[in-house]
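Q: When you get a sec, could you give me coordinates for this:
(one chain, ligands or ions: 1)
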Amino acid sequence: MDKQHTIDTLNELLKGELMAMNIYAETDDLQGDQQVMEMLSQFAQEHQEHARLLAQRIRELGGTPIERAGMAGAMATITSKFNALRGPAYLLEQLYSGEDKGVHSYEDRIDELDPVSQALVRQIMEDDHQHLKLFKERMETEKMEN
Ligand SMILES: [Fe+2]
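A: Prediction:
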């Protein structure tokens, strides 16, 4: 297992977590629904924890964890603010697809990792599957109300 490759892969996954964390933290109070706000602020904390664990693993491997989500993250945050202002249904649609992409990038990359990192990624993916499930449930309610 190439250590540098593992570190680079974990940093890519870390970028996704930082992106999600920023988006959820910055849109939770913009979209105007109390229940969605609580869900988003909880998920923001979970993504922050995922980011912390990935950064810790990168350091254990002798690497330097990235600290920011970069340009793509900044752009996605701007888009999510516009969607949040249009209402929870628009925001949820964007976030659902973001979470879905996130889970896929974990699934695509997990074989490239060492066993310890794989166990961590599996644990993170469990939370993200839960996020997808709760978003889905909430999006269904949204449809029934409208
Ligand atoms: Fe998630």
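Q: residues from the protein in reach of the ion?
A: Glu99, Asp128, His131 (C-beta under 5 Å from the ion). (Glycine included, C-beta is placed from N, CA and C.)
Q: Outside of the strand or helix carrying the first one itself, list whatever touches it.
A: It stands for Glu99. Mapping Glu99 onto the secondary structure by DSSP states H and E places it in helix 88-109. Applying C-beta atoms under 8 Å, 6 or more residues apart in numbering, the contact partners of helix 88-109 are 9, 12-13, 16-17, 19-20, 23-24, 27, 31-33, 36, 40, 76, 79-80, 83-84, 121, 124-125, 128-129, 131-132, 135-136, 138-139, 142, 146.
Q: From the residues you listed, list the buried ones, please.
A: 9, 13, 16-17, 19-20, 23-24, 27, 31, 33, 36, 40, 76, 80, 83-84, 121, 124-125, 128, 131-132, 135, 138, 142 (16 or more other C-beta atoms under 10 Å).
Q: Nearest residue to the residue nearest the centre of the chain in space, please, no chain neighbours.
A: Nearest to the geometric centre of the chain sits Ala20, at 3.7 Å (C-alpha atoms, centre = their mean). Distances taken as C-beta to C-beta, 6 or more residues apart in numbering place His47 nearest to Ala20, at 4.4 Å, with adjacent residues excluded.
Q: Can you give me the neighbour number for that neighbour?
A: For His47, the neighbour count with other C-beta atoms under 10 Å is 26.
Q: From the contact counts, what lies against the host helix or strand of it?
A: His47 is part of helix 34-60 when elements are defined by DSSP H and E. Other elements packing on helix 34-60 under the criterion 3 or more C-beta pairs under 8 Å, 6 or more residues apart in numbering; DSSP states H and E are helix 3-27, helix 88-109, helix 115-145.
Q: Quick check: buried residues in it?
A: Neighbour counts over helix 34-60 (16+ other C-beta under 10 Å) mark 36-37, 39-40, 43-44, 46-48, 50-51, 53-55, 57-58 as buried.
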